[in-house]
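S.K.: Let me see the structure of the following:
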Amino acid sequence: MSKPNPKDLVGINKVPTLSVIPSASLIYEALAMRDGAAKYGPMNWREKGVKASIYVDACLRHVMLWMDREECASDSGVPHLGHAKACLGILADAIEAGSLIDDRPAFPGAAAALLERWKRE
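M.R.: Numbers count the residues shown, from 1 in each chain. Below is the predicted model of the structure:
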């Protein structure tokens with residue numbers, strides 16, 4: 001048996017990227033990001049900042065429409081799941097870039113406790 005490649009020994013400990021994300025997921029999100037860049041400008045949230053609630057609401061609308069069996073957004077033709085992922089990706093990027101306008105409620109709600117209480121055993 002041959003010795004392992006030294007790059008493998010270093011690379012195995014780094015954050016994985018493309019090898020662990022399904023290609024369809026990346027493609028859907030990329031299509032939505034391209035649509036958003038055409039409408040609002042690429043990476044616009046880093047300059048202007050984004051309100052968390054706006055992107056959470058948009059994400060949930062896309063998920064609800066998908067759950068109602070509408071595959072693609074009527075305005076863009078892009079899969080709703082791609083738009084939902086784009087919303088979450090923008091939120092994550094805004095958090096890390098320091099451009100998130102965090103308008104979540106100031107105090108935690110009861111969601112975690114309610115989900116636990118109503119969990120089926």
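
S.K.: how would you label the residue most central in space within the chain: helix, strand or coil?
M.R.: In the chain, the centroid-proximal residue (Cα atoms, centre = their mean) is L88; its distance is 2.6 Å. Of the three states, L88 takes helix under DSSP: H, G, I helix; E, B strand; the rest coil.

S.K.: Wait, it touches L60, no?
M.R.: No: if you go by Cβ atoms under 8 Å, L88 and L60 don't touch, sitting 10.6 Å apart. For the C-beta atoms, the positions are set from N, CA and C on the backbone; glycine is no exception.

S.K.: Tell me where the model's unsure across this structure.
M.R.: Low-confidence segments of the chain, defined by pLDDT under 70: 1.

S.K.: Show me where it has its helices.
M.R.: For the chain, applying DSSP state H gives helices covering 6-11, 23-40, 44-48, 52-67, 80-97, 111-117.

S.K.: So which elements touch the third one?
M.R.: This points to helix 44-48. Applying 3 or more Cβ pairs under 8 Å, 6 or more residues apart in numbering; DSSP states H and E, we find helix 44-48 packed against helix 80-97.

S.K.: repeat that for 10 Å
M.R.: When contacts are defined as 3 or more Cβ pairs under 10 Å, 6 or more residues apart in numbering; DSSP states H and E, helix 44-48 sits against helix 23-40, helix 80-97, strand 100-101.
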